[in-house]
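Colleague: Predicted model and sequence follow; I will ask about them next.
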Amino acid sequence: MATTAPSELDPNLLLPDAPSESESESLLSPLVYDTSQQFQMAMGNMLNMDNVMKLIKPRAGIMEEIGKCKDTAFERKKDLEEEKERFQKAAYAVLGMLNDT
């Protein structure tokens, strides 16, 4: 087997032909389009997440208000029950006085 010196090799055999400008554009065009679509989807997802966060923040405030209202209602119920017991005791005392006479 005979070997050839590197200077004797045909350069077209070592390197493939470079694509023409129109071929390069046709190869890059789908890549750019796909990248653009992925970017748009990512931006849409970020906007959706931003909208979700805008909904969650007020909801947390609403839940806090509901908790405060529950506490207030519980305290009011407790006060009303105590007041009811005082009225009942007073009513029984009046009935007791009326029965003694």
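Modeller: Happy to help now that I have it.

Colleague: In this protein, where is pLDDT below threshold?
Modeller: Low-confidence segments of the chain, defined by pLDDT under 70: 1-19, 101.

Colleague: what's the longest helix in it?
Modeller: Taking DSSP state H as the criterion, the chain has its longest helix at helix 21-100.

Colleague: How far does that one sit from its chain's centre?
Modeller: Helix 21-100 has its C-alpha centroid displaced from the chain centroid by 14 Å (Cα atoms, centre = their mean, to the nearest Å).

Colleague: Packing partners of that helix?
Modeller: Applying 3 or more Cβ pairs under 8 Å, 6 or more residues apart in numbering; DSSP states H and E, we find helix 21-100 packed against no helix or strand. For the C-beta atoms, the positions are set from N, CA and C on the backbone; glycine is no exception.

Colleague: what sits against residue 64?
Modeller: Contacts for residue 64 (Cβ atoms under 8 Å, 6 or more residues apart in numbering) come out as none.

Colleague: So it versus residue 52, what's the distance?
Modeller: 19 Å (Cβ to Cβ, to the nearest Å).

Colleague: Please provide the alpha-carbon coordinates for stretch 72-82, formatted as PDB.
Modeller: The C-alpha coordinates for stretch 72-82 follow below in PDB (Å, rounded to 0.1, in the frame of the first residue of the first chain):
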ATOM      1  CA  THR A  72     -64.600  38.300  66.000                       C
ATOM      2  CA  ALA A  73     -67.700  36.200  65.500                       C
ATOM      3  CA  PHE A  74     -66.500  33.700  68.100                       C
ATOM      4  CA  GLU A  75     -65.900  36.400  70.700                       C
ATOM      5  CA  ARG A  76     -69.300  38.000  69.900                       C
ATOM      6  CA  LYS A  77     -71.000  34.600  70.300                       C
ATOM      7  CA  LYS A  78     -69.200  34.100  73.700                       C
ATOM      8  CA  ASP A  79     -70.300  37.600  74.800                       C
ATOM      9  CA  LEU A  80     -73.900  36.900  73.800                       C
ATOM     10  CA  GLU A  81     -74.000  33.600  75.600                       C
ATOM     11  CA  GLU A  82     -72.700  35.300  78.800                       C
END
